[in-house]
Every structure is written in C-alpha cells, then in structure tokens.
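Undergrad: Coordinates for the following, if possible.
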Amino acid sequence: MTVPDSSTSTSAPATPQVIDGKYEVLRELSQDGNLHMYEVKAAEGVIRRVAWFDVTTPADRQQFHAYRTAIRAIAPAGLTDVVARPGAYYAVWQDVSGVPFQDYLTQSAKRVKSQEEVQAVQDLTGTLAASGFALSDADIVMNGQLPQVTYLRPLRTSRTPEQIGMLNSATLSALSGGRIKAPRKPLDRLAWLSFVPGLLFLAGAGRLGAQAAQIYLNPPVSQIKAVTGRPAREAAQVLVKTGYRVEYNYGDSGTVNVGSVIRQEPAAGTQLPIGRLVTLTINKPEPLTVPKIEDMTLEQAKSPLKDNVLKLGKISKVDGTLSNTPEGRIIAQVPAPGATTQRGLPIQVLVSTGIKGKETWIALLEGLTYDQAREHVRAAGLVVTDVVKEPSDRPENTVLRQSPAPFVRVTVGSPVKLVIATAKYTPPSTPAGSLPVPPPSVPPPPPVEPVPAPDAPATGAPATDAPATDAAPTPATVPASGQTAPASDQSTSASPTPDTSRAAPAPATTNAAHTVNFSYIFPADLPAGNYTVVVQDADGEREVLPETDSAKLAGLQASAPANVRGNAVFIIRANGAEYARVNPK
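TA: Numbers count the residues shown, from 1 in each chain. From the prediction side, this is the model:
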C-alpha cells in the first residue's frame, strides 16, 4: 500500500495512490492511533471505506487478528473484504440503506414495535457481546425489522462482560419503552393433519428398530484384512471402513517403521462379526537423545547417528564465513543436540562451504606475556598453533617474535607462531676438576712408660754429671713416683707425628685412558630443536648421542659410557649451538 499524506485534500492527487493495487485513495477520513480510515474508489467507480491498520509489532498483529475473527463471527452487512498478510492489514466497508439505529431508538418509544424486530435487536446484541463488543461500537441501520451492521470500530482494550452489559443497557433503555405487538397466530383448520408425520415417523422408527435388533442379534461376519506394517492412521481407516472398531496399544520393534503397526489382534484372515473390536499394536519406542554432530564432517557424523539408531536427513550447504566454520564441517543440525526424537528418524544438517574472503590482522605482540598475546590472537580470529621457547635474558614467557608480522592482513583462522623467552642457562667455561683426596688418617702412637734411671740422685740435688740431650728426659722432667708423664711429651720425644693440616696435594691426573659415564635429565620444557651430545678430552671431541629431536628427549634421562683420556667433559648442543656442559660421573 502507498499510504497517502494525512493532509491530502478532497481533490484527487496528481498521481493517484492505491491500496493493495485495487483501491484508489480519494482522501483520509480519520486517524486513531495505528488505524487510518480512507475513502477509496473501487472497481467500476464504486465508493468504499477502507480501515487500514499500521501493523508494526506483534501486539498490533494480534489486535488485528482478534478484530478479523470478530467481524467474521458477526458477518456485518457492510463488510465487503478483509485482508491479513504481511504489509497489508485492512477491511473494506460499504454503505447500507436503512434507518440509523439511533433514529430507530428515538422513534421506538412513540410507536408500536413488533416482537420480531425487538427479538432481532436482542439477538444482534448477544452476537456482538459474544465477540467482546457493545451496540455502541457498531454503526447499525434498521432495514425493515432487521438490524444490520454497516461498520464495526476496533477496540483498543478488551472489555469485561459487566462493562458490555452496562453499555448495552444504556443503549436499549429506549427500546423498552412503548408497546410491543405480539405476533398473530393464524387459525389452522387442518391442525389434525400435524399428527400424520408423527405417525409416519413412529412407523418408520419401529421398522428401523426391528432391523437394528436383527443386525445386533445376528451381525454379519467379515474377514479381517491384513494391516501389519502399515501406518497407524491408514490401518485404522481400512478396518473402520470394513465396520470394525479400532483400539491402539504401543510397543517397540526394530524391524517396523515408527508409527506403523507391529501386530493386530485378531490376526489377519480371522472371521469376525462386524462391529467387534480390533486391537492394533503401534511401534512407538522410547525417545532418544539427539547427539551433537556440529563441527563434524558428514563421515564423522555417521558414527554417533548409527549408535543412536538415527540417520542423516536433508543436507543443505551454506556459506561458513559468518560462523567461521571450515569447509565440509556441520554448522547446525535439526533437531538440536540434546533434543528428544524417535529411533530411525532423520537429522537434517547445514554443511559449510568454507570461509570466503574474510581477512584480519594482529598488532605487535613483542613484549607481551604469552597469555596476553594469545588473547589478542583470539580476538583477531586467528589461532596460536606453534610456540617455540628460546633462552633469553628477558622475563620468562615474554613474546620475542611473532609470525605473521604485525599489521599484515591474513585470512581468518590462519595459524600464528610465537617465540617466547625461557630462562637462559650459562654453562661453566671450563670443567670442574676432581676434588683433592684427603691424606689417610694416622692413629696416634701409644704412650711410653717412663723408666727410672739407676742411682738417681736425691730430690733437689743438682745433677751436674748427667748430660742433657734431646733423646732422653732430664731429671727435672721425670715424674714423681706414682705419676705418669704427659702423653704429648712422651709421644713427641719418642716418635713425632706428621702434620696432616699441611699434607702434600694429590698428584695431577695423568693422561691414562679410563671410562666415564654421561648422565643428564632433560627438562620437560626443553626448547624445540635437534640435540647432540659429544665428549671432549685430551684426544678432542667425539659424538656420544646422535642428533635427536627435542620431542623424544623432553623429560627423559639420558646416560651412556665413554672411554676418555685425561680430563673430560660432556657438551650438549642444540641445533649446533652449545646448550649445556655436564661433568662425567
């Protein structure tokens, strides 16, 4: 519809505006909320009124459908057309000749009214009230003794029966005034003939009753038709047409379609009187829970569907750009995951045709933590697929490099590689030598018992004749009778003990051949790369562990013997660069 401007005058516009391609708009008569009343010209120049509804909300649509239901139930004489479809909600009205209802009510108090016209007005009042309208909501004319509705105004809000009764009582108060002429009953001189149809009816009823009794006592017999495997409705129709009554029971069968007949009692071919009961057992298994097959390929989805006795139904292919779903993956399914369904029913799916032409980019991630960088990558619609750890002096888990580069446009869903910092290990520049071997422990000598010299001089006498030597004690140093000389003096004079605090250092290691063992536990977060282990001794370098991928070494202990000469050290190299040094055991 091309809605005219509310300021349109009674003169026809230069370019006629039409409603629904059928009614030319002449002017707008009134407007009340979303209701516009237009005067239009229909086919062959006939003038009509169109009540146009601006439907913009579900409440507006519900109000119009309630109005359309009411006017269909009332069947107004002035209604010529009512249309309800998206974008076009309107009713077309025409003028009806007759006396306006208000004039009729004014005149009814001064004249004699017939019983028929009063009853007709009361019937119309009841019809309007049943649809929620009062007499005041309608434009009514009296065409002879029959009231006719020429227009029914829509209601903004619903009314209660009490409100409708109060409005109608105020309108009909004028109708109760004046005299009402009772209808004349014509004299029927042939009233006795009214008994003839009754007698004929009784005679016919007696005959039919006798026939019914005969059928009931001696019903005809028919053969029951086979309906096993048919849908329940179709099977019931076949038996009912034959004259049998049908009752349903429910069962479960894996060989019959859901909703079809598993068995019938009595069995097919049985001779059974007409009117007897036939029981049909219908296949109605317990409901199943629909599995989730979204994000799977069609081939992958077959397995969970088969496990739940379901099957793939209609397959529709749609663009997967908006849902960011790769090509060949299921975007959605009907019924949805978790819904209940019956065994054997199909599951309809939408399959992605791929992501087309959608690009994105990421900012500079260097200096961010790994968690922060991953959130940036996710927000851009990309995926971190490779993380490489590299020894660095920067804080651990700090992003050092990224691929793709910052601000480079890439396709949504592309992989991102991050290089993050890990603790840097600085190996010693030279291998640590063997610790010096302590000297053997020497126990102290036993104490020497003093022996008294013969012809010892008296106490206090000078001993001038005895020579003083370091090897023998002097009289002054000899202990008195019953005493023992100090152990330290005796031991010192008898046998001096070597000073262990000043032991000579161990001799230097010679270049003799010997066997050493390599043992090292690789960390669980070993940086990616290829690792080799070599031993370095007086003869140079030799490979102990061949080149091995980091994935096979992370978290494991490696050990191996090696024949070396002189001092040796094991060197671990990652991608040719020195990673760590290990002393032999």
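Undergrad: Which phi and psi values does the residue most central in space within the chain adopt?
TA: In the chain, the centroid-proximal residue (Cα atoms, centre = their mean) is Pro337; its distance is 8.4 Å. When quoted as degrees, to the nearest 10, the phi and psi of Pro337 stand at phi -60, psi 140.
Undergrad: So it sits against Met296, correct?
TA: No: assessed by Cβ atoms under 8 Å, Pro337 is found out of contact with Met296, at 11.3 Å. (Glycine included, C-beta is placed from N, CA and C.)
Undergrad: domains for this protein, by residue range?
TA: Domain assignment for the chain, taken from automatic domain parsing, gives 18-93, 99-181, 221-283, 288-352, 359-423, 513-582.
Undergrad: Now tabulate the ones you listed in a markdown table and tack on mean pLDDT.
TA: Output for those, formatted as a markdown table (pLDDT from 0 to 100):
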| stretch | mean pLDDT |
| --- | --- |
| domain 18-93 | 86 |
| domain 99-181 | 79 |
| domain 221-283 | 89 |
| domain 288-352 | 88 |
| domain 359-423 | 90 |
| domain 513-582 | 88 |
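Undergrad: Among those, which comes closest to Ala203?
TA: Proximity to Ala203, assessed across the domains of the chain by Cβ to Cβ, is greatest for domain 221-283 (26.4 Å).
Undergrad: before we move on, the earlier item: so which of the domains of the chain comes closest to Phe201?
TA: domain 221-283 (26.0 Å).
Undergrad: Strands of the stretch 151-300 of the chain, residue ranges please.
TA: For the stretch 151-300 of the chain, applying DSSP state E, counting those that start in this stretch gives strands covering 180-181, 221-223, 245-251, 261-265, 271-273, 277-283, 288-289.
Undergrad: and these as CSV, adding distance to Ala551 and mean neighbour count?
TA: Shown next, in CSV, are the strands of the stretch 151-300 of the chain (distance: least, Cβ to Cβ, whole Å; neighbours: other Cβ atoms under 10 Å):
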stretch, distance to Ala551, mean neighbour count
strand 180-181, 107, 14
strand 221-223, 78, 12
strand 245-251, 57, 13
strand 261-265, 59, 19
strand 271-273, 78, 13
strand 277-283, 55, 19
strand 288-289, 40, 14
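Undergrad: With distance to Asp537 as extra columns, can I get those in a markdown table?
TA: Listed next are the strands of the stretch 151-300 of the chain as a markdown table, based on distance: least, Cβ to Cβ, whole Å:
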| stretch | distance to Asp537 |
| --- | --- |
| strand 180-181 | 136 |
| strand 221-223 | 106 |
| strand 245-251 | 86 |
| strand 261-265 | 87 |
| strand 271-273 | 107 |
| strand 277-283 | 84 |
| strand 288-289 | 70 |
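Undergrad: Compare the ones you listed and report which one is nearest to Gly144.
TA: Comparing the strands of the stretch 151-300 of the chain by Cβ to Cβ, strand 180-181 comes nearest, at 14.9 Å.
Undergrad: could you list every residue that touches the nearest residue to the residue nearest to the centre of the chain once chain neighbours are set aside?
TA: Leaving out its chain neighbours, the residue that sits closest to Pro337 by Cβ to Cβ, 6 or more residues apart in numbering is Lys292, at 3.7 Å. With contacts defined as Cβ atoms under 8 Å, 6 or more residues apart in numbering, Lys292 is in contact with Pro304, Gln333, Pro337, Gly338.
Undergrad: farthest pair in those?
TA: Farthest pair in these, by Cβ to Cβ: Pro304 and Gly338, 13.0 Å.
Undergrad: With neighbour numbers in mind, choose between the two.
TA: Set side by side, Pro304 and Gly338 show more neighbours around Pro304, with 15 against 9, by other Cβ atoms under 10 Å.
Undergrad: Just confirm that one is within a helix.
TA: Yes: counting by DSSP: H, G, I helix; E, B strand; the rest coil, Pro304 is found in a helix.
Undergrad: Please give me every residue in contact with the closest residue to it other than its chain neighbours.
TA: Excluding the flanking residues, the one nearest Pro304 by Cβ to Cβ, 6+ apart is Pro291, at 4.2 Å. Going by Cβ under 8 Å, 6+ apart, Pro291 touches Pro304, Leu305, Asp307, Asn308, Leu310, Pro337.
Undergrad: What number of residues are in the vicinity of the fifth one?
TA: One way to gauge burial is a neighbour count; for Leu310, by other Cβ under 10 Å, it gives 23.
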